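Trainee: Sequence plus predicted model, see below.
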Amino acid sequence: MGYAQVRAVAVVGMAGQLVVVESDVASGLPCLVMSGLPDAALTQSRDRVRAAVVNSGETWPQRRLTVNLLPAHLPKHGSSFDLAVAMSLLAAVGAVPAEALREAVLIGELGLDGAVRPVRGVLPAVLAAMRHGLRYAVVPAANAVEAALVPGIVVKATDTLRRLIDFLRCDGQLLDPPPAAAVDEPPLLDLADVVGQDRGRRAVELAAAGGHNLALFGPPGAGKTMLAQRLPTVLPPLDDAAALEVTAVHSLAGTLPAESPLIRRPPFQAPHHTASVAALVGGGSGIGRPGALSKAHHGVLFLDEAPEFSANALEALRQPLEEGVVRISRSRAEVVYPARTQLVLAANPCPCAKPGGDRHCECAPVARRRYLSRLSGPLLDRVDLRVMLAPVAPAALLGEHDAESSEAVAGRVVRARASAAERWGTTNALVSARTLRGPRFRLPGACTAPLAKDVERGLVSARGHDRVIRLAWTMCDLDGRTFPDLADVCEAMDLRRGTP
């Protein structure tokens, strides 16, 4: 009796794939059959679509209706296909012109009253539509600002199914995306607030300048959390490509602010120590969702009271920290999320954690070793900076305080990152070992002699050797020099072995 097709997008991980939603209307007992590997939420769209069409003033066809989602082998999940299914059916029965939908992608969930509701993952979905050459995207009104971030495609919005039907019948207009609102962001914390911790401030500046991972050890009140929270304030703002990538992750996670969605600040994630493996690195039933590690992409993942996290959660960080991506394998699909994150660990030196530090500690040596051994060697081997913070002296608390602000430190960080980018196109923490050991950038033997001795004695691994060299390059960049010297390597070694 009739056939029509429209286009939607299936988002699996960060990748969107174009899906053709085709509908066939045939004689037979009235029913709606869906095929093409829909999940439970998509299968239930039969009832949502029927109620939305009827409550929008249209007649539901009393025929045998078949909806297929191509490619049939690709798993489809979620309610974002509702709008495409409804318009495909209406086009198949001739209620709206099918030709008008040929170059458009439709995204949105339908309410029973015909309202078009927002969905997750609109940004990566519209990106996929643009890359496939589609000219138009119709999205829920609440997702319009987010979708408009994608260049090269015309974005229109609708708040109801009725509005879209009227537009296709040349009896109304769709909505234009509103301009991004100027949202009052909370003021940034300032590194000047940290008193009496020059070594900790130095470690934070090095971590920001080179993209290095950082571990802070010390008694309660020493400033571990303050330093970690202020690391994002000295990181440079995200460029356009990084901002879109970070925003896409938060769109999939459903944590994107609706008013001004583009994320320009490096994100900061600080999950509680009871967080599960799935909450930390991503997962869940069906298609795995991004966790705190991916939501901190191009930013900072802070694990306060790190030894209190479960061993499985901590060990799950090892591979993503090395590769920069999280791979979540499930029976239905494997998804890959970006995870180029700076890890910051904070830990007390012992279980009792007396404020005065070692002078008042009541723990037996074996208890201290057992507590800190929860941070395994392989995990700490991926941490370039390990700093032991002493309790803040009374003179520092009560005297005049004139420490550098985050703005001043951030200026040096930007210059250091520019030097590293000019030298090898990335941050010091990400440069390959092959490049470091190549003839052009290999450090002279006189500079690396102490490090070679530690490697020979088994105190530093091969990975640790390369990380010490990378840290030395960061020190060189901060000082505005062209090549690290022996002092840089020795300081990098000292900062790397600084565990309690």
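Mentor: Looks like it arrived, so ask away.
Trainee: Going by C-alpha atoms from here, please, whenever you check contacts or count neighbours.
Mentor: Will do.
Trainee: Pro177 - nearest residue in space that isn't next to it in sequence?
Mentor: What sits nearest to Pro177 in space, not counting adjacent residues and going by C-alpha to C-alpha, 6 or more residues apart in numbering, is Ala144, at 5.0 Å.
Trainee: what mean pLDDT does the helix or strand encompassing Asp494 have?
Mentor: Taking DSSP states H and E as the criterion, Asp494 maps to helix 486-496. The average of the pLDDT scores along helix 486-496 is 93.
Trainee: for stretch 433-441, same thing?
Mentor: Rounded mean pLDDT across stretch 433-441 is 89.
Trainee: Keeping just the C-alphas, turn that stretch into PDB.
Mentor: What follows is stretch 433-441, C-alpha atoms only, in PDB (Å, rounded to 0.1, in the frame of the first residue of the first chain):
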ATOM      1  CA  ALA A 433      59.800   6.700  23.800                       C
ATOM      2  CA  ARG A 434      61.300   6.300  20.300                       C
ATOM      3  CA  THR A 435      61.400  10.100  19.800                       C
ATOM      4  CA  LEU A 436      63.000  10.600  23.200                       C
ATOM      5  CA  ARG A 437      65.700   8.100  22.500                       C
ATOM      6  CA  GLY A 438      66.300   9.200  18.900                       C
ATOM      7  CA  PRO A 439      69.500  11.000  18.000                       C
ATOM      8  CA  ARG A 440      68.000  14.400  17.900                       C
ATOM      9  CA  PHE A 441      66.600  14.500  21.400                       C
END
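Trainee: In which helix or strand does Asp24 reside?
Mentor: With DSSP H and E as criterion, Asp24 is part of strand 15-26.
Trainee: counting contacts, what elements does that strand pack onto?
Mentor: Under the contact criterion of 3 or more C-alpha pairs under 8 Å, 6 or more residues apart in numbering; DSSP states H and E, strand 15-26 touches strand 2-12, strand 64-70, helix 82-92, helix 122-131.
Trainee: Pick the most buried one from these.
Mentor: For those, the largest average neighbour count (mean count of other C-alpha atoms under 10 Å) is found in helix 82-92, namely a mean of 27.
Trainee: residues in contact with that one?
Mentor: 2-8, 21-25, 42, 45, 48-49, 53, 65, 67, 96-98, 105-110, 116, 161 (C-alpha atoms under 8 Å, 6 or more residues apart in numbering).
Trainee: Give me the buried entries from the residues you listed.
Mentor: 3-8, 21-25, 42, 45, 48-49, 53, 65, 67, 96-98, 105-110, 116, 161 (16 or more other C-alpha atoms under 10 Å).
Trainee: circling back: I'd like the helices and strands packed on strand 15-26 laid out as CSV, including mean pLDDT.
Mentor: Shown next, in CSV, are the helices and strands packed on strand 15-26 (pLDDT from 0 to 100):
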stretch, mean pLDDT
strand 2-12, 92
strand 64-70, 93
helix 82-92, 95
helix 122-131, 93
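Trainee: Which among these is found nearest to Val326?
Mentor: strand 2-12 (13.4 Å; C-alpha to C-alpha).
Trainee: angle of the closest one against helix 82-92?
Mentor: Between the axes of strand 2-12 and helix 82-92, defined by axes from the mean of the first three to the mean of the last three C-alpha atoms, to 10 degrees, the angle is 170 degrees.
Trainee: could I get strand 2-12 in CSV with only the CA atoms?
Mentor: The C-alpha coordinates for strand 2-12 follow below in CSV (Å, rounded to 0.1, in the frame of the first residue of the first chain):
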residue,chain,number,x,y,z
GLY,A,2,2.9,2.4,0.7
TYR,A,3,6.6,2.6,1.5
ALA,A,4,8.9,5.4,2.8
GLN,A,5,12.2,5.9,4.5
VAL,A,6,13.8,8.5,6.7
ARG,A,7,17.2,8.7,8.4
ALA,A,8,18.3,8.6,12.0
VAL,A,9,21.6,8.0,13.7
ALA,A,10,22.7,5.1,16.0
VAL,A,11,25.4,6.2,18.4
VAL,A,12,27.7,3.4,19.6
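Trainee: so what secondary structure elements neighbour that strand?
Mentor: Partner elements for strand 2-12 (3+ C-alpha pairs under 8 Å, 6+ apart): strand 15-26, helix 82-92, strand 104-106, helix 122-131.
Trainee: the bottom helix or strand of the protein by mean pLDDT?
Mentor: For the chain, counting by mean pLDDT, DSSP states H and E, helix 394-398 ranks last in confidence among helices and strands (a mean of 68).
Trainee: quick one: average pLDDT of stretch 341-360?
Mentor: Mean predicted confidence for stretch 341-360 is 82.
Trainee: Which element, helix or strand, includes the residue lying closest to Pro261 once chain neighbours are set aside?
Mentor: Distances taken as C-alpha to C-alpha, 6+ apart place Glu146 nearest to Pro261, at 5.8 Å, with adjacent residues excluded. Element membership for Glu146, per DSSP H and E: helix 144-147.
Trainee: And for Lys156?
Mentor: For Lys156, the host element (DSSP H and E) is strand 154-158.
Trainee: Which SSE is immediately downstream of that strand?
Mentor: Criterion used, DSSP H and E; the element after strand 154-158 is helix 161-168.
Trainee: could you give me the average pLDDT of that following helix?
Mentor: Helix 161-168 comes out at a mean pLDDT of 95.
Trainee: which other residues reach the helix or strand that that helix is followed by?
Mentor: Using DSSP H and E, the helix or strand that follows helix 161-168 in sequence is helix 198-210. Contacts to helix 198-210, defined as C-alpha under 8 Å, 6+ apart, come from residues 191, 194, 212-214, 216, 227-228, 231-232, 234-235, 385, 387, 389, 409, 412-414, 416-417, 427-429, 470-471, 474-475, 478, 495.
Trainee: Narrow these to those in helices?
Mentor: Counting by DSSP state H, the contacts of helix 198-210 place 227-228, 409, 412-414, 416-417, 470-471, 474-475, 478, 495 in helices.
Trainee: Now do the same for Leu293: helix, strand or coil?
Mentor: Under the three-state scheme (DSSP: H, G, I helix; E, B strand; the rest coil), Leu293 adopts helix.
Trainee: hey, what's Glu22 bridged with?
Mentor: Glu22 forms beta bridges with Gln5, Asn68, as assigned by DSSP bridges.
Trainee: I'd assumed Leu69 was in contact with it.
Mentor: Yes - between Glu22 and Leu69 there is a contact under C-alpha atoms under 8 Å: 6.4 Å.
Trainee: Point out where the protein drops to low pLDDT.
Mentor: 1, 180-187, 258-260, 285-286, 331-332, 356-358, 395-401, 499-500 (pLDDT under 70).
Trainee: so what are the domain limits for it?
Mentor: Domain assignment for the chain by automatic domain parsing gives 2-168, 191-496.
Trainee: contacting residues around the helix holding Asp494?
Mentor: With contact meaning C-alpha under 8 Å, 6+ apart, helix 486-496 is reached by 203, 383-387, 446-448, 450-451, 468-469, 471-473, 475-476.
Trainee: for stretch 64-73, same thing?
Mentor: Residues from elsewhere that reach stretch 64-73, judged by C-alpha under 8 Å, 6+ apart: 19-37, 85, 89.
Trainee: One more: stretch 317-329?
Mentor: Stretch 317-329 has contacts (C-alpha under 8 Å, 6+ apart) with 281-283, 288, 294, 334-341, 378-379, 382.
Trainee: List the buried residues in it.
Mentor: Using 16+ other C-alpha under 10 Å as the test for burial, stretch 317-329 gives 317, 320-321, 324-328.
Trainee: right, and Phe268 touches Gly299 too?
Mentor: Yes - between Phe268 and Gly299 there is a contact at 5.9 Å, judged by C-alpha under 8 Å.
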